[in-house]
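*Asks:* any chance you can model this:
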Amino acid sequence: MTERFRLAFIGADHPHGFGWRQTLSHFEDQLTMTAIVPGFGGATASLEETLSDVPRFATVEELIAHGQFDGAVVCLPNDENPGVLVQLANAGKHILAEKPAAGSAEDFAPVVSAVESTGVAYQAGYMWRYDPLAERLRRMLADEQFGHLISLEMTFVTSDVRRRGPDHYLFQRDVSGAGFFNWLACHYLDLLQYVTQRAIVSVTARAGQFGATETEVEDGGVAILELEGGAVATFIGGYWIPRWAGESRWCIRGSERWVHWDPTRVGTGGALEIHGPKPQWMAMEETFELPPDETVGYGGQRNVALVRDWLESAREGGRPCRSTPASTHDTLALLDAIYEASSKRQTIDLAR
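*Replies:* The predicted structure is shown next:
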């Protein structure tokens, strides 16, 4: 593929739609927007004026029949996403799907089959797989720098339900299927599997409504995950902050060292506080910080790297990106297990 990649954008007014298009602006020399399917009842409130003349299609069926495009960024609600992704794959179009891509693993299974059978390039919007410090943690674990891995602690807390309002589609069960774990916890639960490269063998969880605003879906909760090899991972988070804000952090502990990861530390692009052994009475202490990421767009430089990987995959005949149909399915299956464990008030065995 030597000419500029022809891109369709599906879901203009998605909560991350404008941010995705800002990210795509970094690739003006490599791609061109040739089609838009607004979705969301035809809403285009967030659509840039520079894209107002791009051909629009009311449905994906019309897009496939009459549009000129090589691939699509798909930002639609969970109840629509899987069917659209299958249509695109069967039409031979490359796919960049905003996470979580579906409401359940069962709903997403046809997408796995369609992408695998057609060989189109696939990427999911799990941008944290492209974070430089997450990649460093992955290497540390692969190099066994932690010694015997003991525990991983993850926290992700963000703005409460009132910021968007309980009538938003994210909180409607018939549209989204689920709540906080599906929409936001999925980022770190997906990253956990990428960073550790270990299977999750059992899940205990409590998902529900803990905040003051009633919703049809959970606003957060806690999960305890047993990893292959015996380490335990915990996640706690929710829509619990009474303003537009967020808090997130990780701690990884092993027999030989422990590391605190602050992905959003003010004034940095993320920081690692590394605590190690004390040979010859001198303790190993180090803080490693990245410079601030001032890249315009959703997710900053992480998402730029994600899009770049996808475009290269499309040019190279669909070789796997860091997110694959299988990894997306695995994350959804883990979310399903969390919901099941919470509903049944019991540990769910995932050993395979």
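
*Asks:* from here on, contacts and neighbour counts on C-alpha atoms
*Replies:* Fine.

*Asks:* all the strands of the protein, residue numbers only.
*Replies:* Listed in chain order, the strands of the chain (DSSP state E) span residues 5-10, 31-37, 71-74, 94-97, 122-124, 149-159, 200-208, 220-227, 232-241, 246-254, 258-262, 271-275, 285-289, 348-349.

*Asks:* how about these, which one is nearest His187?
*Replies:* For those, proximity to His187 was assessed by Cα to Cα; strand 149-159 is nearest, at 9.5 Å.

*Asks:* how is this protein partitioned into domains?
*Replies:* 5-126+302-323, 128-296+332-349 (automatic domain parsing).

*Asks:* if we can go back for a sec, any chance of the strands of the chain in JSON lines, plus mean neighbour count and distance to Glu316?
*Replies:* Conversion of these to JSON lines gives the following (neighbours: other Cα atoms under 10 Å; distance: least, Cα to Cα, whole Å):
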{"stretch": "strand 5-10", "mean neighbour count": "23", "distance to Glu316": "13"}
{"stretch": "strand 31-37", "mean neighbour count": "21", "distance to Glu316": "16"}
{"stretch": "strand 71-74", "mean neighbour count": "24", "distance to Glu316": "14"}
{"stretch": "strand 94-97", "mean neighbour count": "26", "distance to Glu316": "12"}
{"stretch": "strand 122-124", "mean neighbour count": "27", "distance to Glu316": "12"}
{"stretch": "strand 149-159", "mean neighbour count": "19", "distance to Glu316": "36"}
{"stretch": "strand 200-208", "mean neighbour count": "22", "distance to Glu316": "32"}
{"stretch": "strand 220-227", "mean neighbour count": "22", "distance to Glu316": "34"}
{"stretch": "strand 232-241", "mean neighbour count": "21", "distance to Glu316": "36"}
{"stretch": "strand 246-254", "mean neighbour count": "18", "distance to Glu316": "35"}
{"stretch": "strand 258-262", "mean neighbour count": "21", "distance to Glu316": "34"}
{"stretch": "strand 271-275", "mean neighbour count": "18", "distance to Glu316": "34"}
{"stretch": "strand 285-289", "mean neighbour count": "13", "distance to Glu316": "34"}
{"stretch": "strand 348-349", "mean neighbour count": "16", "distance to Glu316": "39"}
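
*Asks:* could you dump these to CSV with mean pLDDT and distance to Thr59?
*Replies:* Putting those into CSV (pLDDT from 0 to 100; distance: least, Cα to Cα, whole Å) gives the following:
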stretch, mean pLDDT, distance to Thr59
strand 5-10, 98, 9
strand 31-37, 98, 6
strand 71-74, 98, 13
strand 94-97, 98, 16
strand 122-124, 98, 21
strand 149-159, 98, 33
strand 200-208, 98, 35
strand 220-227, 98, 34
strand 232-241, 98, 33
strand 246-254, 97, 35
strand 258-262, 98, 42
strand 271-275, 97, 44
strand 285-289, 96, 45
strand 348-349, 96, 40
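
*Asks:* now for those strands, which one comes closest to Leu311?
*Replies:* strand 5-10 (7.9 Å).

*Asks:* let me know the pLDDT of the spatially most central residue of the chain.
*Replies:* With distances taken as Cα atoms, centre = their mean, the residue of the chain nearest its centroid is Tyr126 (2.9 Å). Turning to Tyr126, the model gives it a pLDDT of 98.

*Asks:* from here on, count from 50
*Replies:* All right, first residue 50 from here; so that's Tyr175.

*Asks:* so what's it up against?
*Replies:* Glu147, Lys148, His236, Asp239, Leu240, Ser372 (Cα atoms under 8 Å, 6 or more residues apart in numbering).

*Asks:* same check, this time on Gln136
*Replies:* Counted by Cα under 8 Å, 6+ apart, Gln136 has contacts Val109.

*Asks:* cool, and the one 4 residues further on?
*Replies:* Ala140 makes contact with Ile113 under the criterion Cα under 8 Å, 6+ apart.
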